[in-house]
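Chemist: Sequence and predicted structure, then a few things I'm wondering about:
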Amino acid sequence: MSNVAIVSVGARTAVGLNARQTGFLLRAGFPAMTESPLAGGDGEPITMAFVPTIDGALTGVERLCALARAPFDEAIAPVRDAAAEVHVAIDEECPDAALTIQVLEAMLQRAMPAARVTVVARGEAAPGALVPAAIQALETRRADVVVIGGVHSDHDPRAIAALEASGRLFSRDNLDARIPGEAAAFFVLMRAPDAARQRLAPLARVLGVGVGRERARPDNDHLAHEARGLTAAVKQATAQLAADGRTAGWMLNDLTSEMRRLYEWQSVFVRTQNILGNPYHIDSPAQRIGYLGAAALPLFVSMAATAWRHGYAPSPLALATAGNDGGDRAALVLGKA
């Protein structure tokens, strides 16, 4: 997989209007949780992280489009005219999913007219699960450019009501919960020789991909400590790393404040010490900028690529993991170009 390079990234989050701002401010530990324009069932404003430059009255598909357009333009800037494949994930539980898919596909198609655009409601693990097919398409020359991304927003009364009804809305009195947030991120994959011919410097490489499925979910009593799905995903993604005797010193995950997911990740951390190493730098951006949903893995790719480009990454190898409520898990191993 080392012949496939990440050549461009784009991001918009509660702390940054582009990938560089987001990467730098996350590196500095900048938090984004604040009082939201949205209220809970008691009428009190909730705590969440949101993009302050987007109209607070926008919700649903309009807000997702407003979130996605700028980082998509940022990522595709060097390849806008390419006949690319574009794969974008939204959350499984996205309200009005069919309409959202239709409108997002149309918007992205207008931004990149020669592309073939597909939007899927598969949640956090989807961008990782899409990478193997993207790499195959590039290596078999069925595609010259593949764009992968994710968009998520909890800035919607329906999303807040659902979190509150399930007891998963973060507050002073409910710390074992999800901090609402929103983000959009994208990355562009190309064969390294093709990128070089177009004078595009690789920012990072995809060195491994893995997927798995957990039994433990919010709606059942299976033990999160089992972590079979995430363990399988990480071991699959890091197989070549282990064979080469190398270790990843940077771990990026989608943990918020929910203990269920923390227990799962702790189990995997212990089981995979052979492929983890100094400086054991662990990044959990959602604990500072809110739940990332389907944008999690694309954002981690953006963070890693930006850090390597500007020389502040803690390690030349990074392991990124994410998962959704349905039990899907994905892992990516990224390497400095």
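Modeler: Received it, and whenever you're ready, just let me know what you need. Numbers count the residues shown, from 1 in each chain.
Chemist: quick one, strands of the stretch 1-150 of the chain?
Modeler: For the stretch 1-150 of the chain, strands defined by DSSP state E, counting those that start in this stretch occupy the ranges 4-12, 34-39, 45-48, 85-90, 116-121, 145-153.
Chemist: Describe which strands the fourth one pairs with in its sheet and in which direction.
Modeler: Think strand 85-90. Partner strands and pairing direction for strand 85-90 (DSSP bridges) are strand 116-121 (parallel), strand 145-153 (parallel).
Chemist: What average pLDDT does the last one get?
Modeler: For strand 145-153, the per-residue pLDDT values average out at 97.
Chemist: distance between that strand and the chain's centre?
Modeler: Relative to the centre of its chain, strand 145-153 is centred 8 Å away, using Cα atoms, centre = their mean, to the nearest Å.
Chemist: quick one: that strand to strand 4-12, angle?
Modeler: Between strand 145-153 and strand 4-12, the angle comes out at 30 degrees (axes from the mean of the first three to the mean of the last three Cα atoms, to 10 degrees).
Chemist: Using CSV, write out the CA atom coordinates for strand 145-153.
Modeler: What follows is strand 145-153, C-alpha atoms only, in CSV (Å, rounded to 0.1, in the frame of the first residue of the first chain):
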residue,chain,number,x,y,z
VAL,A,145,-7.7,10.1,-8.0
VAL,A,146,-9.9,9.0,-5.1
VAL,A,147,-11.3,11.5,-2.5
ILE,A,148,-12.6,10.1,0.8
GLY,A,149,-14.3,12.2,3.4
GLY,A,150,-16.9,12.4,6.2
VAL,A,151,-19.4,15.0,7.5
HIS,A,152,-21.1,15.2,10.9
SER,A,153,-23.1,17.6,12.9
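Chemist: sorry, back to before: which of the strands of the stretch 1-150 of the chain sits closest to residue 110?
Modeler: strand 116-121 (9.6 Å; Cβ to Cβ). Bear in mind the C-beta positions are built from the backbone N, C-alpha and C, glycine included.
Chemist: Would you mind listing the buried residues in that closest one?
Modeler: Judged by neighbour count using 16 or more other Cβ atoms under 10 Å, the buried positions of strand 116-121 are 117, 119, 120, 121.
Chemist: what's the answer for stretch 41-57, then?
Modeler: Neighbour-count burial for stretch 41-57 flags 46, 47, 48, 49, 50, 51, 54 (criterion: 16+ other Cβ under 10 Å).
Chemist: Tell me how far the closest residue to the third one other than its chain neighbours lies from residue 153.
Modeler: In other words, residue 48. When the adjacent residues along the chain are set aside, residue 48 lies closest to residue 180, with 3.7 Å between them (Cβ to Cβ, 6 or more residues apart in numbering). Going from residue 180 to residue 153 by Cβ to Cβ, to the nearest Å gives 9 Å.
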